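**Student:** Here is the input, now give the coordinates:
(4 chains)
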Amino acid sequence: MNWGSASEFFAMGGYGLYVWGSFGVTAAALLIEVGLVRHRLAAVRRGLRRELAADRDTQD
Amino acid sequence: MNAFIAIVRRDLLLAARRKSEVFTALFFFMIVVSLFPLGIGPETAMLRRIAPGVLWVAALLAAMLSLNRLFAADHQDGTLEQMSLSPTPLAVLVSGKVLAHWLTSGLPLVLLAPVIGLQFDLSARALGVLMISLLLGTPVLSLIGAIGAALTLGVRGGGVLLSLLVLPLYIPALIFGAGAVEADVAGLGAGGHLSLLGALLALGVFFAPWAATAALRIALE
Amino acid sequence: MSQRLVNWFKFASPASFYPLAGKMWPWFAALGTVLAAVGLWISFFVAPTDFQQGEGYRIIFIHVPASWMSMFIYCVMAFWAAIGITFNTRLSGMMSSALAPTGALFAFLSLWTGALWGKPMWGAWWVWDARLTSELILFFLYIGYIALTAAIDDPRRADKAGAIVALVGVVNVPIIYFSVKWWNTLHQGASVSMTKAPTMAATMLWGMLIMALAFWMYSIAIALYRVRAIILERERHTTWVAELPEMQR
Amino acid sequence: MLRAHGLACDRGDRRLFSAVDLCVSPGEWLQVEGANGAGKTSLLRMLAGLSPAADGHIEWDGRPMGEARDDYHARLLYLGHAAAIKEDLSALENLQTAAAIAGRPLDEATALAALRRIGLKGREDLPARVLSQGQKRRVALARLLCSQARLWILDEPFVALDVAAVTQLCGILDEHLARGGMLIFTSHQAVQLAGSGATLKLSASTHPRAGAEPREVAA
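**Tutor:** Take a look at the predicted model:
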């Protein structure tokens, strides 16, 4: 174990800003990407379902 | 072969009828180069140091200027269709167009560079190396540029897109071209740089017309 | 032989790949999460403090894998591009365009973490080192690919044009790398050597490898996830899309 | 002989036409008709080998187009909507470069004779930019006079021509057919041509997979 306490862990021996800046931005970027793709897929599906429902209505 | 010569001749003829386009690119080159001393300051030592890079970057930008029109006119008036129906392979005709583009945009820069280089107090020897590096390097710019011009043919915002696609690919030519002059000024000998530029040129002559042709076929479909 | 080819082409059709991708991506996502957890544990709790660089060196556990992934993804895109040009399969273009944003993201992360590592280590956010410079150019190549394919309305045309960009790019990446490296050695004074400590501890190597694997699994998962959206967008008007179970509600 | 079977054309999500069969033998002409947007130009480009067919196949002299392409293009003359006229070149230069690109260089005397016959006497050296629309069309049509191609594919050759020019063009086309040439063209107007010929009507369809009825067009 490298760390005596939680605050030592967050301080990263004085490099906290750089280390957490890297890991944090990476984590945030990947999460945002997942969110964007989820949104894209959901939007396509929503649009398609509407289109198909409209088609069914006109057929009835 | 006849068709190749015919294409080169026709494009040169067209350029001769529209001289202003050729001269615009040349004056652009001259103005960009002349702006640097004004922006940086007139110390001779500094100017001598930045000259190769400045001249090469300006040459790169000037070559970009005329790329837009490389295939656009032929695409619009149907000549490109006729070219693709020619019994001569399209890649050969594309090479002809690239050659004509270099003759009207690259070669004038090569000839003008020594005069411009005088503004930067380069020695006669360095000017010679600069000319050789441009002579080997500007055809590479035309060749790579042809791929970009073909890819952005008929595409929205093609001009900006073209720079985005092509400029990163110009970097090796820029590095070896400017590097040759710097190496010579530093007394290291420009041979290595120039042979690498030659290698880039050989690679470009071999592959670029093929890639540009593939891109043109997409635009023609 | 021909039987096997037929099978491959069956999976290459969007209609059969869509459900397959739907089944596969959660597995890769799960694997990626587990690997990331192990990798992070190694990077923070197992790997010892570096005697030269202190705790700051821990950035390499994401910096190096992100750089690897950005290069690897470009190669995979070029691979799909070559497949698309040779066999004229629709799916390969969709795969390329599904991978591009993730590749660009990793290139960006590599630059970002590189800057955050460089500042405490070399005292500068940016140095014109060969690797950093070529990573920057790789990022530009990704942006060029994305911009070009986005500017062409017809997806088939966009795919073909993108394939040419990817192939031209992949030929140029090594040329650019070596030219920048050469340029860098010529300008010795301005550059800072980026070579790491001569003996890399085994735990560090393991940490980087496991993080790289985690990024790899993440990339596969997100690409499969994104390709599903792309398939639906492009195959909107086909009967198989209309018959999908999730479209019946 | 050009034969096509089951041709289909897609534009975006829509299928413009499908199951188009056609066959043109030496001395025969084929007129393609259809409303705007029915895919006339698309069909002609497909037949010229400029764009791939969504479905179906094309044969030249009994060989599939894939392997006959070089021979086919050496014997084909295609004039599209855009006439490939350079505004900055003179009529003579336009004619000569077009022929050179097509692999059949023209000497100046032949080119001048063709331009005179098409009614551009005295305008041979003017840049195309100062010519009228109809005169520019004539520069393009002068290529027909110098052509030894066996198959002509012409997209709207009668557009922008006056009555006299239409008659003259019909004469040129008749000569071509009499020599055993083949001709495929589109036109909105009824045209009287010698030799045997047929009309292919393309009907636009809005349904994705329905299309024109399969029809046999042969002499």
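
**Student:** which residues does residue B:23 contact?
**Tutor:** Residues near residue B:23 by CB atoms under 8 Å, 6 or more residues apart in numbering or on different chains: none. For the C-beta atoms, the positions are set from N, CA and C on the backbone; glycine is no exception.

**Student:** secondary structure element for it?
**Tutor:** helix B:19-40 (DSSP states H and E).

**Student:** so which residue of chain C comes closest to chain B?
**Tutor:** residue C:179 (4.0 Å; CB to the nearest CB).

**Student:** which residues touch that residue?
**Tutor:** B:171, B:172, B:175, B:176, B:196.

**Student:** Which of those residues fall within helices?
**Tutor:** Judged by DSSP state H, the subset of those located in helices is B:171, B:172, B:175, B:176, B:196.

**Student:** ok, so of the residues you listed, who is nearest chain A?
**Tutor:** The nearest member of the ones in helices among the contacts of residue C:179 to chain A, counting by CB to the nearest CB, is residue B:171 at 26.5 Å.

**Student:** Could you find the closest non-adjacent residue to that closest one?
**Tutor:** Leaving aside its sequence neighbours, residue B:171 sits nearest to residue C:176 (CB to CB, 6 or more residues apart in numbering or on different chains; 5.6 Å).

**Student:** what about residue C:54, neighbour count?
**Tutor:** For residue C:54, the count of nearby residues is 15 (other CB atoms under 10 Å in any protein chain shown).

**Student:** In chain A, which helix is the longest?
**Tutor:** helix A:16-59.

**Student:** and chain C, which residues reach chain B?
**Tutor:** Contact residues, chain C versus chain B (CB under 8 Å from any CB of the partner chain): C:85, C:137, C:140-141, C:143-144, C:147-148, C:151-152, C:157, C:160-161, C:164-165, C:167-169, C:171-172, C:175-176, C:179-180, C:182-183, C:186.

**Student:** Chain A too?
**Tutor:** Counting by CB under 8 Å from any CB, no residue of chain A is near chain B.

**Student:** How about the residue in chain A that chain B sits nearest to, nearest residue that isn't a chain neighbour?
**Tutor:** Using CB to the nearest CB, the closest approach of chain A to chain B is made by residue A:40 at 21.5 Å. Nearest residue to residue A:40, sequence neighbours excluded (CB to CB, 6+ apart): residue C:229, at 4.6 Å.

**Student:** Ramachandran coordinates for the one you found?
**Tutor:** phi -60, psi -40 (degrees, to the nearest 10).

**Student:** cool, residue D:122 as well?
**Tutor:** In terms of degrees, to the nearest 10, the main-chain angles of residue D:122 are phi 90, psi -10.

**Student:** Please name the residues that touch residue C:214.
**Tutor:** C:32, C:33, C:35, C:36, C:38, C:39, C:65.

**Student:** what's the helix or strand hosting residue D:56 packed up against?
**Tutor:** Taking DSSP H and E as the criterion, residue D:56 maps to strand D:55-60. Judged by 3 or more CB pairs under 8 Å, 6 or more residues apart in numbering or on different chains; DSSP states H and E, the packing partners of strand D:55-60 are strand D:2-11, strand D:14-24, helix D:65-74.

**Student:** follow-up on the earlier one: so which bits of the helix holding residue B:23 are buried?
**Tutor:** B:21, B:22, B:25, B:26, B:28, B:29, B:30, B:32, B:33, B:36, B:37 (16 or more other CB atoms under 10 Å in any protein chain shown).

**Student:** Residue 46: neighbouring residues, count only.
**Tutor:** Since no chain was named, I'll use chain A. Residues lying near residue A:46 (other CB under 10 Å) number 10.

**Student:** that's the wrong chain, I wanted chain C
**Tutor:** If we define neighbours as other CB under 10 Å, then residue C:46 has 14 of them.

**Student:** Now do the same contact list for it.
**Tutor:** C:203, C:207.

**Student:** swap in residue B:121?
**Tutor:** So residue B:121 contacts B:44, B:47, B:48, B:51 (CB under 8 Å, 6+ apart).

**Student:** Go ahead and confirm residue D:170 touches residue D:189.
**Tutor:** No. Using CB atoms under 8 Å as the test, residue D:170 is too far from residue D:189 to be in contact (11.0 Å).

**Student:** out of those two, which sits in the busier spot?
**Tutor:** residue D:170 (16 against 8).

**Student:** Just the C-alpha atoms of the strand or helix carrying the more buried one, please, in PDB.
**Tutor:** Using DSSP H and E, residue D:170 sits within helix D:163-178. Output in PDB follows, covering the C-alpha atoms of helix D:163-178 (Å, rounded to 0.1, in the frame of the first residue of the first chain):
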ATOM      1  CA  VAL D 163     -35.300  24.000 -86.600                       C
ATOM      2  CA  ALA D 164     -32.600  24.000 -89.200                       C
ATOM      3  CA  ALA D 165     -30.100  22.500 -86.800                       C
ATOM      4  CA  VAL D 166     -32.500  19.800 -85.700                       C
ATOM      5  CA  THR D 167     -33.000  18.800 -89.300                       C
ATOM      6  CA  GLN D 168     -29.300  18.800 -89.800                       C
ATOM      7  CA  LEU D 169     -28.700  16.700 -86.700                       C
ATOM      8  CA  CYS D 170     -31.300  14.200 -87.900                       C
ATOM      9  CA  GLY D 171     -29.400  13.900 -91.100                       C
ATOM     10  CA  ILE D 172     -26.200  13.200 -89.200                       C
ATOM     11  CA  LEU D 173     -27.900  10.600 -87.100                       C
ATOM     12  CA  ASP D 174     -29.400   8.900 -90.200                       C
ATOM     13  CA  GLU D 175     -25.900   8.800 -91.800                       C
ATOM     14  CA  HIS D 176     -24.600   7.100 -88.600                       C
ATOM     15  CA  LEU D 177     -27.300   4.600 -88.700                       C
ATOM     16  CA  ALA D 178     -26.900   3.900 -92.400                       C
END
